[in-house]
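*Asks:* Kindly generate the corresponding structure for this input.
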Amino acid sequence: MTVWQAILEGVIQGATEFLPISSSGHLSLSQHFFGMQAGSLLFDVMLHLGTLAAVVAVYHRLVGRLLCELVRLLRDLFTGRFRWRGMSADRRLLLMLIFGLIPLFLLFLPVPGTGMEVRDFADRWATDGDIVIEGCSLLGTALLLTLGVAAGRRTEARHISPGGRRLGGRKDFTAGDALTVGFAQCAAAVFPGLSRSGSTLAAGLMRGVSRRAALDYSFVIGIPAILAAVLVEMKTAAAQPAGVAALPMAAGVVAAAAVGFLAIRLLRWMVVTDRLSVFVAYTFALGAVVVVLGLIEHGTGVNIATGAKLSF
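*Replies:* Below you'll find the predicted structure:
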């Protein structure tokens, strides 16, 4: 892999990881239509670390406060001073993040009769040559974003001060909000084409949370999720050949971090200014096209772009 190829992959990873268009769906489709082989697992892991750095860079103050609050929470638990009432805003958010991560354990449940865990289906569907699932998942992303946009507008309309100022809705998450977002994140981890950021953001909006609070929670809950995925894959990646030289790998990581940082900033602006409809149109159009092409490939048994034979 050349430096420029690595940078290109880093740019794609950084943009699609955070914009609500699905990085896994775009990766699967690019491999399918361009005949690309899956890259080095270690390189993929390092790109995820680059996007993780982008989130931490944008939310470094909040992340720092939450880490300090985690230390204080553990101290209070061990000394018997923990109380549900009177919690600070940071402690409440920390607990809601913990609640939101609980559904991810469903990914490790075995599926009877398959010899696989739930999370294994993500890799199978992303590499099986059948792009109908990716197309349907992209349509699912468009539907969730549509519902989220509509819910956000209803919430904002209900929360207007007597002076006419828009208050935007609830800023504090409840356990129900956190679990709903957690289940959305769990589903996005299984279906290639179902955007993690889009699903979690839409889930928060449909629960009546303000746009800014829903978006910030969506990004921050992604930090432990991405970190956990990296740790799970790192053991396997370390046992395989690197496949990518040090310089291209570093270039790809830097590109993923830089573009990821800009993508987060862009999405924050688009959410606050109610411009998510752009992503609704994009994911709907792409999903519809992919479903049609996938059905054609089912009929012909041939990859419509490369001419390779397919087995479903």
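*Asks:* which helices and strands does the helix or strand hosting Val232 pack with?
*Replies:* Val232 is part of helix 211-238 when elements are defined by DSSP states H and E. Counting by 3 or more Cβ pairs under 8 Å, 6 or more residues apart in numbering; DSSP states H and E, the packing neighbours recorded for helix 211-238 are helix 41-58, helix 60-79, helix 89-101, helix 132-158, helix 175-190, helix 196-206, helix 246-272. C-betas here are computed from N, CA, C, even on glycine.
*Asks:* who's in contact with the residue nearest in space to the middle of the chain?
*Replies:* The centroid of the chain falls nearest to Arg196 when counting by Cα atoms, centre = their mean (2.7 Å). For Arg196, the set of contacting residues under the criterion of Cβ atoms under 8 Å, 6 or more residues apart in numbering consists of Ser22, Gln185, Ala188, Ala189, Gly222, Ala225.
*Asks:* Same question for Gly198.
*Replies:* Residues in contact with Gly198 (Cβ under 8 Å, 6+ apart) are Pro20, Ile21, Ser22, Thr141, Leu144, Leu145, Gly148, Ala188, Phe279, Thr283.
*Asks:* what's the neighbour count on the nearest residue to Pro110 once chain neighbours are set aside?
*Replies:* Spatially, and ignoring its direct neighbours in sequence, Pro110 is nearest to Glu117 (5.6 Å; Cβ to Cβ, 6 or more residues apart in numbering). Glu117 is surrounded by 13 other residues when neighbours are defined as other Cβ atoms under 10 Å.
*Asks:* Glu117 and Leu109, how far apart?
*Replies:* 6 Å (Cβ to Cβ, to the nearest Å).
*Asks:* Then Ile131?
*Replies:* According to Cβ to Cβ, Ile131 stands 26 Å off from Leu109.
*Asks:* So which of those two has more stuff around it?
*Replies:* When Ile131 is set against Leu109 and neighbours are counted by other Cβ under 10 Å, the residue ahead is Ile131, at 28 against 10.
*Asks:* doesn't Val290 make contact with the more buried one?
*Replies:* Yes - contact criterion Cβ atoms under 8 Å: Ile131 and Val290 qualify, at 5.4 Å.
*Asks:* Give the intersection of the neighbour lists for those two.
*Replies:* Taking Cβ under 8 Å, 6+ apart as the contact criterion, the common neighbours of Ile131 and Val290 are Leu29.
*Asks:* quick check, distance from stretch 41-57 to the centre of its chain.
*Replies:* 13 Å (Cα atoms, centre = their mean, to the nearest Å).
*Asks:* Which of the residues in it are classified as buried?
*Replies:* For stretch 41-57, burial by neighbour count (16 or more other Cβ atoms under 10 Å) applies to 41-56.
*Asks:* could I get the helices and strands packed on helix 211-238 as JSON lines with mean pLDDT?
*Replies:* Formatted as JSON lines, these follow (pLDDT from 0 to 100):
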{"stretch": "helix 41-58", "mean pLDDT": "88"}
{"stretch": "helix 60-79", "mean pLDDT": "93"}
{"stretch": "helix 89-101", "mean pLDDT": "93"}
{"stretch": "helix 132-158", "mean pLDDT": "92"}
{"stretch": "helix 175-190", "mean pLDDT": "94"}
{"stretch": "helix 196-206", "mean pLDDT": "94"}
{"stretch": "helix 246-272", "mean pLDDT": "92"}
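*Asks:* Can you give me the neighbour number for the residue lying closest to Arg207 once chain neighbours are set aside?
*Replies:* For Arg207, ignoring the flanking residues on the chain, the nearest one in space by Cβ to Cβ, 6+ apart is Asp177 at 4.5 Å. When neighbours are counted by other Cβ under 10 Å, Asp177 registers 23.
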